[in-house]
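Student: Quick one, fold the following:
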Amino acid sequence: MVGQARAEAADDVDVVFRALADPTRRKVLERLGRAPATVSALAADHAMALPSFVAHLRVLEACGLVRSTKTGRVRTYALAPERLKIVETWLDAQRARWEARLDRLDDYLLRMGDNDP
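Tutor: Numbers count the residues shown, from 1 in each chain. Predicted coordinates for the structure are as follows:
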């Protein structure tokens, strides 16, 4: 079960990073970080056809980075920041791993320096 949970967590990280890989989607997230917005308000900042832009919103919603609500014919999107915790956790683990490696390298180099004549 632990292996399966790790695989699912890795899949979650992959899905979120895939969504974040596109500059249009990152700009949408930055914009939604200020306040929720309608599709038309979000699309106004991007020079692309509305169906193409809506496809970006679908990717963001599918991976859980945004949520949408519909009132009548108007769909509004909001940031779902809790999903970014997956990225933060992954980055923290990488940072800790590299800091430990660099600390070991530093210790090794200091020991090597102590052995110099």
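Student: Only C-alpha atoms from now on, for both contacts and neighbour counts.
Tutor: Fine.
Student: can you give me the strands for this structure?
Tutor: Secondary structure of the chain, counting by DSSP state E: strands at 37-38, 66-71, 74-79.
Student: Take those strands and lay them out in CSV including mean pLDDT, mean neighbour count and distance to residue 25.
Tutor: Shown next, in CSV, are the strands of the chain (pLDDT from 0 to 100; neighbours: other Cα atoms under 10 Å; distance: least, Cα to Cα, whole Å):
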stretch, mean pLDDT, mean neighbour count, distance to residue 25
strand 37-38, 97, 17, 14
strand 66-71, 96, 14, 10
strand 74-79, 96, 18, 12
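Student: Make CSV from those and add distance to residue 22 to it.
Tutor: Formatted as CSV, the strands of the chain follow (distance: least, Cα to Cα, whole Å):
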stretch, distance to residue 22
strand 37-38, 19
strand 66-71, 15
strand 74-79, 16
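Student: Which of the ones you listed sits closest to residue 21?
Tutor: Distance to residue 21, taken as Cα to Cα, is lowest for strand 66-71 among those, at 15.4 Å.
Student: Within the sheet, what are the partner strands of that closest one, with directions?
Tutor: Taking DSSP bridges as the criterion, strand 66-71 sits next to strand 74-79 (antiparallel) in its sheet.
Student: Can you give the distance of the partner strand from its chain's centre?
Tutor: Averaging C-alpha positions (Cα atoms, centre = their mean, to the nearest Å) puts strand 74-79 19 Å from its chain's average.
Student: Quick one: residues in contact with that strand.
Tutor: 29, 32-33, 35-39, 65-70 (Cα atoms under 8 Å, 6 or more residues apart in numbering).
Student: and what of stretch 19-39?
Tutor: Around stretch 19-39, the neighbours that count as contacts under Cα under 8 Å, 6+ apart are 42, 46, 54, 56-57, 59-60, 63, 65-66, 74-79.
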